[in-house]
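>>> take a look and give me a structure for this.
(one chain, ligands or ions: 1)
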Amino acid sequence: MSSGMNLEEFLIEELNENQRIAVTSASEMSLRIVAGPGTGKTKTLVARFLALTLGNSLPAERVLALTFTEKATGEMVERASQLYQQNKLTLSQHWISTFHGFCLRILGGQAETEITRPHIMTELERLKLRQELSREILLLPDLSESYPHLDFADHPALFDAAFLAIERLRDSYCTPEEILAKLHPVGSSGEEGYRRDIMGFTAELYRYYREKLAEMARLDFPEMVYQAYYHLKDNPDLCQTYRERFHHILVDEFQDTSRGQLQLLKLLSPDLSRVTVVGDRKQSIYGWRNARPENFDDPQLAGAIQVPLTLNYRSYQEILDIAARVILPLADSQLFLPEELTITANNKSGPQGCVTLACPEDSVSKEEGLKAEARFIASEIKKLKETQPDKTIALLLRSVRIQSRPYEEIFRAEGIEYVTWGAGGFYDRQEVRDLIAILRLVEDPSDGQAFYRLAHSPLFKLEQALLYELALKARAVTKERNWSFEAGIEELAEVPQELRELQTFIAECRKEAAQLTPALLVEWILSGERYSQYFESRRAGERERVEANLSKLMRLANEFEKAQTEAATLKDMVEYFNLWIEFDLPEQEELLVPEDPKPGVVQVMTVHLSKGLEFDSVFVAGIKPSQYRVENRLFSYEPDLEYEFEGGFAILKYQGEDGRIEGSNLARYKEIQKKRWLAEERFVYYVAMTRAKSKLCLTTPYSEQVIKEMKGRAENFLFRELTSWVEEKENLNFSAITYLHF
Ligand SMILES: Nc1ncnc2c1ncn2[C@@H]1O[C@H](COP(=O)(O)OP(=O)(O)OP(=O)(O)O)[C@@H](O)[C@H]1O
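Here you go, the predicted model:
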């Protein structure tokens, strides 16, 4: 096979034995590739795509490949295209895409390349729509009569629970009518009455929400999958066409698929007979997004060939060993098979100190522990940067919003360059809010809040007393409700130079705004004199962070502009940024895909964002005992637990005559949730630790003494589990792992 020469070379030279088995298995067979971190999942999946198409002379469009992120899709297309080119072929028609891209393509219709793209709502628009709908529903006159057991005074909790249930109902393809059909007869009281009402209310809100989406001609992400599913189900001929078209289906990150995504897959391949699923159950950290790692155990995959990938090309063995220790207690819990724990490092053993565990000395108090930990990390990073300046470094945290401050402060003080990723809290950063204040003021001169913020910012540094005087003068002179600070400037006995500069700056911005698009205006502002002075006046370390945040804002402005169907106005953009400030996204969501890490610049991010990435050195900081807290939720729809909870609705709390009553399902729900939550917590640390290539440092702000004093509360404390393990291992001369105190 001369044209396949390069493919063969690729299969022989670039793959290990198990990868090759997976790749070259017959296209009529189903495969379940259970792979550990860093074992080359993407590489194997691309190779299987190539073996199925180039190797088997199957046209590329007859293999459907589904991924979870645009980034993964891009990588797959790029790697496959390269091999096609080497075989003097072009990969033009293909079905490599994200799940959502695939659904859109089905919905977009028949044309394979020209997709009529419906308007897809951003996460923010979705939150805003929810808020608007909640307000509208609360205005309905007969709400309390229709649902007498619901407490509309506590409406945020009610709507939160109902919207979450709606997500899961859509993912189960359950219609509002199906919920209504499960309702108890009229006249029930107490908890049964409450159950009846929440189910009825959820069904009504669900129908209302979907009607609204249709009216606005919008789709949100769950709706895309829902509609694609029903589109195929309701059009058997069309469904049959797709079944025949796809000779084989490849699915990446299978542990992250939801119930609904599996159902969709089954529509395309009813007995899952020609599919290859790849994933790692030990990296299941998206339960909160309805990911269902149990999909791996679907009975229809029972006959699939099981191919384990256990040779890791990323980390030293000690890094893999300590990561495996974190999830060892779960090995008997059917979440993964015990043999999946064994991952072998291709790089073999690491040098001394390639894994470090560190906690404060006993003399360090609980209050001082956090500072001591941050200082230790900063000093380790400084040493690393001196000895290995070209290496990448990450600081991984459970929550950037809650935990990052002490580390960021010390990085700034020590002049350590860093970038913080993650949606949560981005719009709270001072420099970000200051720039948004400029845009707001350019757009609306009467925006006093924006004027005040800007005048007071490090860009102009005006005194509060002056601003107060200015406000009084401005109000007196304009005598209108919509007065602007600027109107008072000429009334001042003496106008300070900074105030004049602010006035001129805003006037210039307004002039530019008249001829530039909003994103170009942002670029113009940031490249101007005022900002270069501002950047120069920042301390080393801080400057890079401020620049990185502002350039991120500029990229967001560009993305916003690109996504608009009509020319975006400055007002639109200001509204968009204001929305961000109002609804902060879960911090695991990133506004933009993290860029490839720059060597020497510490990448601060949540573990969730780090999934799929790798760094030379990884610091997993702020490790604390894992404490499961019961969410303050009123009810929860649990599609997998219909046999436990009537209609799948678990009643957790509700408003009785004498205040809040615990629902009868609360205890059982807590028991199930706690187990899930604690398991996911271990998986999160497993993901974090396996990002490290050559150095892993695990730190906690708690000294051994503080931990002792915590007694029972330190029950689920990974750090302590790991140090005990290391101490045992030390007898065995386990020198690459070091345990020290700072
Ligand atoms: N057979 C192989 N020979 C050499 N290097 C390999 C081989 N297979 C994979 N690799 C390399 O191993 C590294 C990790 O691969 P990849 O990123 O695909 O892992 P992964 O399984 O997706 O990891 P994770 O689940 O942790 O994100 C990559 O740099 C890849 O090129």
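
>>> residue 135 is in contact with residue 159, correct?
No: using Cβ atoms under 8 Å, residue 159 is not in contact with residue 135; the gap is 9.9 Å. From N, CA and C alone the C-beta is placed, and that goes for glycine too.

>>> tell me which helix or strand residue 264 sits in.
helix 259-268 (DSSP states H and E).

>>> I'd like the next helix or strand past that helix.
strand 275-279.

>>> mind checking how far residue 504 is from the ligand?
To the ligand, residue 504 is 52 Å away according to Cβ to the nearest ligand atom, to the nearest Å.

>>> just give me the neighbour total for that residue.
Neighbour count of residue 504, defined by other Cβ atoms under 10 Å: 11.

>>> helix, strand or coil: sort out it for me.
helix (DSSP: H, G, I helix; E, B strand; the rest coil).

>>> look up the pLDDT of it for me, please.
For residue 504, the pLDDT comes out at 93.

>>> for the chain, list the residue farthest from the centre, please.
residue 493 (53.3 Å; Cα atoms, centre = their mean).

>>> how far away is it from residue 465?
Distance, residue 493 to residue 465, using Cβ to Cβ, to the nearest Å: 14 Å.

>>> what does residue 307 give?
72 Å.

>>> next: residue 232.
Where residue 465 is concerned, residue 232 sits at a distance of 68 Å (Cβ to Cβ).

>>> what's the helix or strand for residue 626?
Counting by DSSP H and E, residue 626 is part of no helix or strand.

>>> that one is in contact with residue 681, isn't it?
Yes: contact criterion Cβ under 8 Å: residue 626 and residue 681 qualify, at 4.6 Å.

>>> which residues are in contact with both of the two?
Residues touching both residue 626 and residue 681 by Cβ atoms under 8 Å, 6 or more residues apart in numbering: residue 716.

>>> in three-state terms, label whatever residue of the stretch 601-742 of the chain ends up closest to the ligand for me.
Nearest residue of the stretch 601-742 of the chain to the ligand: residue 612, at 4.5 Å (Cβ to the nearest ligand atom). Reduced to three states with three-state DSSP, the structure at residue 612 is coil.

>>> surely it meets residue 67?
No: under the criterion of Cβ under 8 Å, residue 612 makes no contact with residue 67, lying 10.5 Å away.

>>> quick one, which of the two is more surrounded?
residue 67 (24 against 18).

>>> just list whatever residues bridge to that one.
residue 98 (DSSP bridges).

>>> how much space separates it from the ligand?
11 Å.

>>> circling back to that earlier point, from the ligand, how far out is the residue farthest from the centre of the chain?
For residue 493, the distance to the ligand - Cβ to the nearest ligand atom - is 65 Å.

>>> tell me which of residue 159 and residue 135 has more neighbours.
residue 159 (20 against 11).

>>> now the more buried one: closest residue in space that isn't a chain neighbour?
Nearest residue to residue 159 in three dimensions, chain neighbours excluded: residue 134, at 4.7 Å (Cβ to Cβ, 6 or more residues apart in numbering).

>>> do you know the pLDDT at that neighbour?
For residue 134, pLDDT reads 92.

>>> likewise for residue 81?
91.

>>> ok, and the closest non-adjacent residue to it?
residue 91 is the one closest to residue 81 (Cβ to Cβ, 6+ apart), at 4.6 Å.

>>> surely the one you found touches residue 63?
No: using Cβ under 8 Å, residue 91 makes no contact with residue 63, being 11.1 Å away.

>>> who has more neighbours, those two?
Ranked by neighbour count (other Cβ under 10 Å), residue 91 and residue 63 place residue 63 first, with 26 against 21.

>>> quick one, phi psi at that one?
With angles defined as degrees, to the nearest 10, residue 63 sits at phi -120, psi 120.

>>> list the contacts for it?
By Cβ under 8 Å, 6+ apart, the neighbours of residue 63 are 49, 52-53, 94-95, 246-250.

>>> in stretch 47-64, what counts as buried?
By 16 or more other Cβ atoms under 10 Å, the buried positions in stretch 47-64 come out as 47-56, 60-64.

>>> coming back round to it: mind checking how far the residue nearest to residue 159 is from residue 494?
In terms of Cβ to Cβ, residue 134 sits 51 Å off from residue 494.

>>> so how many other residues sit close to residue 200?
19.

>>> would you agree residue 249 falls within a strand?
Yes: Residue 249 forms part of a strand when assessed by three-state DSSP.

>>> filter the contacts of residue 63 down to the ones close to the ligand.
Checked against the ligand using Cβ under 6 Å from any ligand atom, those yield no neighbours at all.

>>> what does stretch 164-173 contact?
179, 202, 205-206, 209, 222-223, 225-226, 229-230, 258-260, 263, 290, 633, 635-639, 649.

>>> 6 Å - rerun?
202, 206, 222, 226, 229, 258-260, 290, 637, 639 (Cβ atoms under 6 Å, 6 or more residues apart in numbering).

>>> coming back round to it: could you point out which element follows the helix or strand harbouring the residue nearest to residue 159?
Using DSSP H and E, residue 134 sits in helix 123-138. Counting by DSSP H and E, the element after helix 123-138 in chain order, helix or strand, is helix 143-146.

>>> how many residues are close by the closest residue in space to residue 62 that isn't next to it in sequence?
The shortest distance from residue 62 to any non-neighbouring residue, by Cβ to Cβ, 6+ apart, is to residue 247 (4.5 Å). Neighbourhood size, residue 247 [other Cβ under 10 Å]: 18.

>>> ok, now residue 349?
Counted with other Cβ under 10 Å, the neighbours of residue 349 add up to 12.

>>> can you check residue 71 too?
14.

>>> and it, that one's in a helix?
Yes: judged by three-state DSSP, residue 71 forms part of a helix.

>>> identify the bridge partners of residue 31.
Applying DSSP bridges, one finds that residue 31 bridges with residue 276, residue 305.

>>> count the neighbours of it for me.
Neighbour number of residue 31 under other Cβ under 10 Å is 24.

>>> tell me, how many residues neighbour the residue in the stretch 301-450 of the chain positioned nearest to the ligand?
Closest to the ligand within the stretch 301-450 of the chain is residue 313: 3.1 Å, counting by Cβ to the nearest ligand atom. By the measure other Cβ under 10 Å, the count of residues near residue 313 is 14.
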